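1. show me how the following folds:
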Amino acid sequence: MTGVLITGGTGKTGSTLAGLLRESGVPVRVASRIPPADAPDAVRFDWSDSATHPAALHGMDRVYLVPPVDTTDPMPLVLPFLAEAERLGVRRVVLLGSAIVLPGAASALELAAHVRARPGWVVLRPSGFMQNFLAPHPLGERIRRRGEIRTAAGTGRVGWIDARDIAAVAAVLLAEPDGPLDDRRDFLLTGPKALNYQDAAQIIAIHTGRPIRIVPVGVAEQADAYRASSMPDAFATALAAVDAGIQTGRHDQISTAVLDLTGCPPRAFPEFVQDHAPQWANAEAPED
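-> Numbering: from 1, shown residues only. Below is the predicted model:
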């Protein structure tokens, strides 16, 4: 049997990717820590339990690789998995990297370089996910519960992308073991327009009728808020520091890769908001 192993198979991009590949008749194996009981193609997979890796890889010739989350150092867990994938003859790995690299996370850059160096293996570098504006992400949870966005990013802009468009790109690259690449090993993925948080708040307000406040905070205060949402300390600190990079304009970039690879333009933020408007519907009274 050949097919696509989808790590993070129940996540934002993995679940959509699985559906797209199934619709195209591509065999998939959905890997997650808690595989759905009603999914015959699901398998248990845990980055911290290497005993689950060989069975997940067995018979698969392509892999959608979602590194472990909430860590700034994925290499110790991912490298042995990739070594096993190479040993078993996996022909294509599509790594879900990021255009927004966390401060102090050199390991993520090393992982991307490791993947790019292998023939037929590819790195996707999406910008910030539009889905971050939805619960349970701390940003989305605060919008839903408090009607506010706390940010240290000032008026800096990000080329926010819908996770569904990331999955669509991955599906094109994984549908065939030797799908289209044109000798490229790295793709920056963004939405059609860069927006700051003020823009995003206005769009949400227009399409939901609910005012969204912008509350400027410092990086340290942002980190404290992430820790309060149960993020590991180092990851919370690094994620909060990303706002400083946004403020300088580092992530104000747009690419045409989604259109180039899929033939369809990426979704704009207003379309995303229209699709998810009910999720911001229930406001709670702001705390003092």
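
2. what bits of the stretch 101-250 of the chain have low per-residue confidence?
-> 179-180, 182 (pLDDT under 70).

3. switch to 80 and redo it
-> 104-105, 178-183 (pLDDT under 80).

4. the helices in it, which residues?
-> Here the stretch 101-250 of the chain has its helices, by DSSP state H, counting those that start in this stretch, at 106-116, 138-146, 163-174, 197-208, 219-228, 233-247.

5. columns mean neighbour count and distance to Gly14 on top of those helices, output as JSON lines?
-> The C-beta positions use only the backbone N, C-alpha and C, and glycine is treated the same way. Shown next, in JSON lines, are those (neighbours: other CB atoms under 10 Å; distance: least, CB to CB, whole Å):
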{"stretch": "helix 106-116", "mean neighbour count": "17", "distance to Gly14": "17"}
{"stretch": "helix 138-146", "mean neighbour count": "19", "distance to Gly14": "19"}
{"stretch": "helix 163-174", "mean neighbour count": "23", "distance to Gly14": "8"}
{"stretch": "helix 197-208", "mean neighbour count": "19", "distance to Gly14": "25"}
{"stretch": "helix 219-228", "mean neighbour count": "16", "distance to Gly14": "23"}
{"stretch": "helix 233-247", "mean neighbour count": "19", "distance to Gly14": "20"}
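
6. Thr190 is nearest to which of these?
-> helix 163-174 (9.2 Å; CB to CB).

7. what comes into contact with the closest one?
-> The set of residues external to helix 163-174 that reach it, using CB atoms under 8 Å, 6 or more residues apart in numbering, is 4, 12-14, 16-17, 20-21, 24, 26, 62, 64, 92, 94, 96, 122, 124, 126, 129-131, 179-181, 187, 189, 191, 257-258, 261-262, 264, 266-267.

8. now these: which count as buried?
-> With neighbours counted by 16 or more other CB atoms under 10 Å, the contacts of helix 163-174 contain buried members at 4, 12-14, 16-17, 20-21, 26, 62, 64, 92, 94, 96, 122, 124, 126, 129-131, 179, 187, 189, 191, 257-258, 261, 266-267.

9. follow-up on the earlier one: which one of the helices of the stretch 101-250 of the chain lies nearest to His58?
-> That would be helix 163-174 among the helices of the stretch 101-250 of the chain, by CB to CB, at 17.6 Å.

10. any idea how far Arg185 is from His114?
-> His114 sits 11 Å away from Arg185, going by CB to CB, to the nearest Å.

11. wait, Pro232
-> Taking CB to CB, one finds Pro232 at 31 Å from Arg185.

12. and those two? which has more neighbours close in?
-> Taking neighbours as other CB atoms under 10 Å, Pro232 and Arg185 compare with Arg185 leading, 17 against 13.

13. which residues does the more buried one contact?
-> Val115, Arg116, Trp121, Val122, Val123.

14. try 7 Å this time
-> Counting by CB atoms under 7 Å, 6 or more residues apart in numbering, Arg185 touches Arg116, Val122, Val123.

15. bridging residues for the last one?
-> Each beta-bridge partner of Val123 is listed here: Leu95, Asp186, as defined by DSSP bridges.

16. wait, it sits on Leu95?
-> Yes - here Val123 reaches Leu95: they are 4.8 Å apart, a contact under CB atoms under 7 Å.

17. quick check: Pro192 vs Val28, distance?
-> For Pro192, the distance to Val28 - CB to CB - is 29 Å.

18. neighbour count: those two, which is higher?
-> Val28 (25 against 19).

19. for that one, what are phi and psi?
-> Per-residue torsions, Val28: phi -130, psi 160 (degrees, to the nearest 10).

20. for the remainder of this discussion, apply numbering that starts at 165.
-> Renumbered: residue one is now 165, and that last one reads Val192.

21. my read: it touches Thr171, true?
-> No - contact criterion CB under 7 Å: Val192 and Thr171 do not qualify, at 11.5 Å.

22. can you give me the strands in the stretch 215-364 of the chain?
-> 226-229, 256-260, 286-290, 312-315, 350-353 (DSSP state E, counting those that start in this stretch).

23. closest one to Val383 among those strands?
-> Nearest of those (CB to CB): strand 312-315, 10.1 Å.
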